[in-house]
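Asks: below are the sequence and a predicted model; questions follow.
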Amino acid sequence: MIPISLYGVDEIELERFYAELPGLVADAYDDLRYEKALFSVKGKDTLEHISIADRWAEEQVNSWPEEIQMEVVMAIATIKYPTVGLLEHLLSLEDVDMVRISKWMHFETNIYPIYSEDACATLGRLGISTPFDPNDTASYGLYVSRLEGLKLHAPAEGMPEIGLPRARMLQLGLERFR
């Protein structure tokens with residue numbers, strides 16, 4: 001059943017996506033680097049979690065001054081899923097865009113999806129227009145809401161239950177769906 005909130009969706013392609021999704025992500029447990037990073041996030045040390053995400057993503061781990069560290073921690077600590085607006089000012093940091101911030105949020109919460117150009121393109125092919133703009137918080141917010149809609153309205157057999165975050169499974173599935 002296609003929800004009204006996804007009006008305009010290509011129903012046939014969406015059904016095909018859900019049918020193929022378990023196979024598209026069947027190897028997700030083989031990504032030991034991701035699993036090791038994900039399961040090493042413990043406690044409430046947001047800066048350490050950001051470092052874990054950056055190392056996983058092969059990004060330069062920042063050594064920000066204390067006032068910047070506090071600003072980053074406050075932004076991440078006060079945000080509540082699925083909102084993203086409070087993250088906008090983090091775009092002013094050097095070498096930081098919404099893709100990188102989405103990785104921080106993913107590892108910090110396991111709920112936020114990693115922002116992906118390929119996943120956005122697939123959503124567009126499914127009739128769910130989702131722009132990809134790594135310098136625009138609103139575009140990432142739309143991506144978050146689109147993936148949340150897919151999670152909430154997935155048929156029972158459409159979302160594999162393999163112990164990894166559902167947001168990650170959808171992101172990978174969308175990236176691999178042809």
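Replies: Received the coordinates, thanks. Numbering: from 1, shown residues only.
Asks: gap between residue 127 and residue 171?
Replies: Remark: distance between residue 127 and residue 171 (C-beta to C-beta, to the nearest Å) = 18 Å. Just so you know, the C-beta spots here come from the backbone N, C-alpha and C atoms, and that holds for glycine as well.
Asks: again, but for residue 33
Replies: 16 Å.
Asks: looking at those two, which has the bigger crowd around it?
Replies: The neighbour comparison of residue 33 against residue 171 (other C-beta atoms under 10 Å) goes to residue 171, with 23 against 10.
Asks: thought that one was touching residue 120?
Replies: No: contact criterion C-beta atoms under 8 Å: residue 171 and residue 120 do not qualify, at 10.1 Å.
Asks: pull the distance from stretch 65-75 to the chain's centre.
Replies: 22 Å (C-alpha atoms, centre = their mean, to the nearest Å).
Asks: need the CA coordinates for it. CSV is fine.
Replies: Output in CSV follows, covering the C-alpha atoms of stretch 65-75 (Å, rounded to 0.1, in the frame of the first residue of the first chain):
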residue,chain,number,x,y,z
PRO,A,65,39.6,25.0,19.6
GLU,A,66,37.5,24.4,22.7
GLU,A,67,34.8,27.0,21.9
ILE,A,68,34.2,25.3,18.5
GLN,A,69,34.1,21.9,20.1
MET,A,70,31.5,23.1,22.6
GLU,A,71,29.4,24.6,19.7
VAL,A,72,29.5,21.3,17.8
VAL,A,73,28.6,19.3,20.9
MET,A,74,25.7,21.7,21.8
ALA,A,75,24.3,21.5,18.2
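Asks: buried sites along it?
Replies: Neighbour-count burial for stretch 65-75, counted by 16 or more other C-beta atoms under 10 Å, picks out 71, 72, 73, 75.
Asks: let me know the closest of these to residue 57.
Replies: Nearest to residue 57 among the buried residues of stretch 65-75, counting by C-beta to C-beta, is residue 72 at 15.9 Å.
Asks: what about that closest one, is that helix, strand or coil?
Replies: Residue 72 falls in the helix class when you classify it by DSSP: H, G, I helix; E, B strand; the rest coil.
Asks: nearest residue to it in space, please, no chain neighbours.
Replies: Nearest non-adjacent residue to residue 72, counting by C-beta to C-beta, 6 or more residues apart in numbering: residue 90, 6.3 Å away.
Asks: how many other residues sit next to the one you found?
Replies: 19.
Asks: quick check: it touching residue 102?
Replies: No: in terms of C-beta under 8 Å, residue 90 does not count as a neighbour of residue 102; the distance is 11.0 Å.
Asks: hmm, residue 22 and residue 176 touching each other?
Replies: No: applying C-beta under 8 Å as the test, residue 176 and residue 22 come out as separate, 11.8 Å apart.
Asks: coming back round to it: which single one of the buried residues of stretch 65-75 is nearest to residue 83?
Replies: Of all the buried residues of stretch 65-75, residue 83 sits closest to residue 75, with 11.4 Å by C-beta to C-beta.
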